[in-house]
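K.L.:
got a predicted model here, sequence first, then my questions.
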Amino acid sequence: MAQIQCKSMGICKSMGIDIPLEHATAEQFYSVFNPPYPHIRDICREMGISIHITADYYHATIQFSCLDCKITIIEVEVIRIEPPKKTTTFRAWIANPSSEHEIKLEVTDERIVKWTVSQPPPADDYLKVLESVSKAVDNCFGQNQPA
C-alpha cells in the first residue's frame, strides 16, 4: 500500500509517496523514467496520457486528465540522473516557469518507488498522478514482461 508523508519538520516543504512494486524489478521500473525512455510512450498511451519528449531526451511535455486533480499539463526537465542510486531529479512546472518545483524519483533495491514533490504546487495532486503512473508501469511489466 502506498504511503504519503510530509518530508520536513513543521511547515511541509515537500511531500512524498512510497509505492511497493509487485511485478517490475527496480532496474526495469527505473529505466522507464530515464533516457531513452524505452516504454514510457506506450504506457502513457495506454493510460490516456499524451507525452512529447524532445530529441535530446531531457525535456518532456506531459498532458493528461485526472478526475481528482487540478493539474493537466506539466513541463518536465531532467536535471540529475544518479544510476548507481537509481535516483533521478526533475525540474517541473505547471503552465509557466514561475511555478517551478522539483520532483525526485528513487527506486530502492527492496523494490520501493519513492517519489518526492517539493511545494508550492499541489503536491497531493502530483502524488495521485505519480501513484497511478507507477502502478500502471508496474502492471505493464507484470502483463507484458518487456525486456
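P.N.:
Looks like it arrived, so ask away.
K.L.:
tell me the helix or strand right after the worst-scoring helix or strand of the chain on mean pLDDT.
P.N.:
Taking mean pLDDT, DSSP states H and E as the measure, the helices and strands of the chain show their lowest mean at strand 3-6, namely a mean of 60. Later in the chain than strand 3-6, the nearest helix or strand by DSSP states H and E is strand 14-20.
K.L.:
for burial, what's the neighbour tally of Asp18?
P.N.:
Residue neighbour count, defined by other CB atoms under 10 Å, stands at 17 for Asp18. (C-beta placed from N, C-alpha, C; glycine too.)
K.L.:
gap between it and Lys104?
P.N.:
Going from Asp18 to Lys104 by CB to CB, to the nearest Å gives 12 Å.
K.L.:
just Pro83 next, same as before
P.N.:
Taking CB to CB, one finds Pro83 at 15 Å from Lys104.
K.L.:
so which of those two has more stuff around it?
P.N.:
Lys104 (18 against 11).
K.L.:
near His101, how many other residues are there?
P.N.:
Neighbours of His101 (other CB under 10 Å): 17.
K.L.:
any idea how far the residue lying closest to it once chain neighbours are set aside is from Lys135?
P.N.:
With CB to CB, 6 or more residues apart in numbering as the criterion, His101 has its nearest non-adjacent residue at 4.6 Å, and that residue is Ser118. As judged by CB to CB, Ser118 and Lys135 stand 23 Å apart.
K.L.:
put the alpha carbons of the strand or helix carrying Thr89 into PDB.
P.N.:
Element membership of Thr89, judged by DSSP H and E, is strand 87-93. In PDB, the C-alpha atoms belonging to strand 87-93 read as follows (Å, rounded to 0.1, in the frame of the first residue of the first chain):
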ATOM      1  CA  THR A  87      17.600   8.300  -8.500                       C
ATOM      2  CA  THR A  88      16.500  10.900 -10.900                       C
ATOM      3  CA  THR A  89      15.600  14.500 -10.200                       C
ATOM      4  CA  PHE A  90      13.400  16.500 -12.400                       C
ATOM      5  CA  ARG A  91      12.700  20.300 -12.600                       C
ATOM      6  CA  ALA A  92       9.000  20.700 -13.400                       C
ATOM      7  CA  TRP A  93       6.400  23.500 -13.800                       C
END
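K.L.:
averaged pLDDT, the following helix or strand past it. What do you get?
P.N.:
Remark: after strand 87-93, the chain's next helix or strand is strand 101-107, criterion DSSP H and E. Across strand 101-107, the average pLDDT comes to 92.
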